[in-house]
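Peer 1: kindly return the folded structure for what I paste below:
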Amino acid sequence: MADATYKPKVYRKQGGDEFVVANGGRITIEPGGEITGGFLPQGYVYHVDGEDGSDSNDGLTWATAVQTIAAARTLAHANIDWSDGETMQYVLVRCGVYAEELGGIYYTTYIGQGIRGTDSAAEIHPTENSCIAGTLLSAGFINMRFEVDEASTPIIDGGIVNNSFFLDCEFALGANVAGVAAIDTENCTHLEVSNCEFTSGQLQNMAYNIYHRGGADKYAHNVRIKNCRMFAATANVYVDSLCTATQMVIGPDNFMAGAAKGVDDNNGNSYVFGNFITATDAIEHANSATQCVGNYVINNGTGAVETTHV
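Peer 2: Below is the predicted model of the structure:
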């Protein structure tokens, strides 16, 4: 049987620039190594340049980039074809600090330039309130930094969060404030949080890294949390007792520290495996004997490292 895996082809234009042709799109390697374009089966690509862009532009190229992420969000949402599979959009964000509070995100993936943990990142940092407050529906974030300065404020106040992901992102406090949750959801299905950093840079850690609220008919279904570095004061991952966390998987390879509780699942439906946790109470779980396997934990700084949690 022939190998059905698609293999992109690399071409070199006259003059030396390279581009890779893939299903539905291409990535161009510009002089100096800057990458433009993408593997895009559908939709538009919008460009955000906080220094040289203008919100009167169409955003379709770097030369006509918009200045704010909010403007790109408006353009992307206007291009969604709700009758034709909700066409995916893409937003490329140049390095810089964007003092913006965004509303809900639909059918759009945001990709930041720069390096996490440095001033060269693409950072959303509002002067007050949350970075994003509203529904996330088929929303994606890659290599973005999210930071807030206000106490008792979710960095991502998701409410409804469905079919969305955060990949290689960073969540941080810009001021020494208490009570902050990085990702706060009320009703959530098919969320993936992978290879993310939950940091502070302050004396005060955020209260929660990921907080799933409860209530009648509220879910954290099919959530995946893996390979993250997590620091919190109260709990790294919290699930309310009235939040049905069916098929949630926490792990593998999360590092959790600094919290009173690492995983605090009051509902008891999640699966917790292959994590490294040091906390006052590393894992509090209603079904710990059957659904927590292969975790390396230290409780309250004492005791042997455990390979299972019972």
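Peer 1: for Ala71, helix, strand, or coil?
Peer 2: Judged by DSSP: H, G, I helix; E, B strand; the rest coil, the three-state class of Ala71 is helix.
Peer 1: the stretch 1-150 of the chain: helices as residue ranges?
Peer 2: Here the stretch 1-150 of the chain has its helices, by DSSP state H, counting those that start in this stretch, at 69-78.
Peer 1: any stretches of the stretch 201-310 of the chain with poor pLDDT?
Peer 2: Residue ranges of the stretch 201-310 of the chain with pLDDT under 70: 302-310.
Peer 1: could you pull out the helices in it for me?
Peer 2: Using DSSP H, counting those that start in this stretch, helices in the stretch 201-310 of the chain cover 288-291.
Peer 1: check which residues of the helix or strand hosting Thr185 are buried.
Peer 2: Using DSSP states H and E, Thr185 falls within strand 181-194. For strand 181-194, burial by neighbour count (16 or more other C-beta atoms under 10 Å) applies to Ala181, Ala182, Ile183, Asp184, Thr185, Glu186, Asn187, Cys188, Thr189, Leu191, Glu192, Val193. All C-beta spots, glycine's among them, are computed from the backbone N, C-alpha and C.
Peer 1: next SSE downstream of that strand?
Peer 2: Next along the chain after strand 181-194, taking DSSP H and E as the criterion, comes strand 197-198.
Peer 1: would you turn the buried residues of strand 181-194 into CSV with pLDDT and distance to Ser138?
Peer 2: CSV is the format used below for the buried residues of strand 181-194 (pLDDT from 0 to 100; distance: C-beta to C-beta, whole Å):
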residue, pLDDT, distance to Ser138
Ala181, 96, 23
Ala182, 97, 21
Ile183, 98, 16
Asp184, 97, 19
Thr185, 96, 15
Glu186, 94, 18
Asn187, 94, 15
Cys188, 95, 13
Thr189, 95, 11
Leu191, 97, 11
Glu192, 98, 12
Val193, 98, 16
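Peer 1: got a list of what the closest residue to Met206 other than its chain neighbours touches?
Peer 2: Closest residue in space to Met206, ignoring its immediate chain neighbours: Val180 at 4.2 Å, by C-beta to C-beta, 6 or more residues apart in numbering. Residues in contact with Val180 (C-beta atoms under 8 Å, 6 or more residues apart in numbering) are Val148, Glu150, Ala151, Ser152, Thr153, Pro154, Ile155, Leu173, Met206, Ala207, Tyr208.
Peer 1: any idea how far Thr118 is from Val180?
Peer 2: As defined by C-beta to C-beta, to the nearest Å, Val180 lies at a distance of 21 Å from Thr118.
Peer 1: what's the answer for Ala286, then?
Peer 2: Separation of Ala286 from Thr118 (C-beta to C-beta) stands at 41 Å.
Peer 1: picking that back up, mind checking which of the contacts of Val180 land in strands?
Peer 2: Val148, Leu173, Tyr208 (DSSP state E).
Peer 1: name the nearest residue to Tyr219, sequence neighbours excluded.
Peer 2: Of all residues not flanking Tyr219 in the chain, Thr244 sits nearest, at 5.0 Å (C-beta to C-beta, 6+ apart).
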